[in-house]
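> with the sequence up front, the predicted model follows.
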Amino acid sequence: MAALVIGAAALAAVLFFSRPHRADIASSVFNDSARIASGRLPLELRSDSPQTISRFFGERRIGFPAPAELLEIPGWQLAGARVHTVAGRPSALSLYRNSGNRMIVCQMYKGPVAELPPGAEIVRSGGATLYLFRSSSRTAVFWQDGPIVCALVSEIAEEEILRIAFAKTVKAQT
C-alpha cells in the first residue's frame, strides 16, 4: 500500500512539473522586462540591425525563424537581443528603444496563446486578437502568429503598445 501511495505521489509530481505553468507566462515576461530595464538580464548581442539579430537567432537554433521584418518596429530602434526562455521554452528576446529612451521588450516563443493565464483582456481589431495583461507599471500584449506567440512588454502608454501590436499582427498576416 505504501509503495502504491508513493508511486501515485511521484506520478502526480511528474505530471504537475511537466505541464506548462499557465500563470508563469505573463509573470515571466513582466519579470524579464523589469530585469532588462534594471540591467540584471544582459543582452547577448548589441545591434540595431534586424538582419544581424535575425541571423543571431538563426545561429542559436531557437526552433523557429525570426525573420528580420518581424524584428522591425517603426519609430523604435533595436538595441540588441538574447536567447532566453518563457515558461521553459526557448524565446527570441529583442530590446527596442525610442528617441525618448523608452523601452519595449519583445519575446517570441513556440506555443499557443491558449496557455496564457486567465485574466487577459481580449482586444480585437481588423481580424486580429490581442491578449492584454497589466502590472503596476507595465503592459504586456500577446498574440498568436502561426505556431509562435509574440509578446510586447513596456511602460509606454497602453494605447501605444496596442497600436504597435496591431501593426505587427497586420504585417505578419501580409
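Received the coordinates, thanks.

> show me what contacts Glu72?
Shown in contact with Glu72 (Cβ atoms under 8 Å, 6 or more residues apart in numbering): Pro50, Leu78. C-betas here are computed from N, CA, C, even on glycine.

> what of Ser154?
Ser154 neighbours (Cβ under 8 Å, 6+ apart): Ser33, Arg102, Met103, Ile104, Val105, Arg138, Thr139, Ile161.

> go again using 7 Å as the cut-off
Arg102, Met103, Ile104, Arg138, Thr139, Ile161 (Cβ atoms under 7 Å, 6 or more residues apart in numbering).

> out of those, who's nearest Ala120?
The shortest approach to Ala120 among those belongs to Thr139, at 11.5 Å (Cβ to Cβ).

> report the buried members of the contacts of Ser154.
Among the contacts of Ser154, the ones that count as buried by 16 or more other Cβ atoms under 10 Å are Met103, Ile104, Arg138, Thr139, Ile161.

> just the contacts of Ser154: which are in helices?
Ile161 (DSSP state H).

> reformat the contacts of Ser154 as CSV; add distance to Ser91 and pLDDT.
Listed next are the contacts of Ser154 as CSV, based on distance: Cβ to Cβ, whole Å; pLDDT from 0 to 100:
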residue, distance to Ser91, pLDDT
Arg102, 22, 96
Met103, 17, 97
Ile104, 15, 98
Arg138, 17, 97
Thr139, 18, 97
Ile161, 18, 97
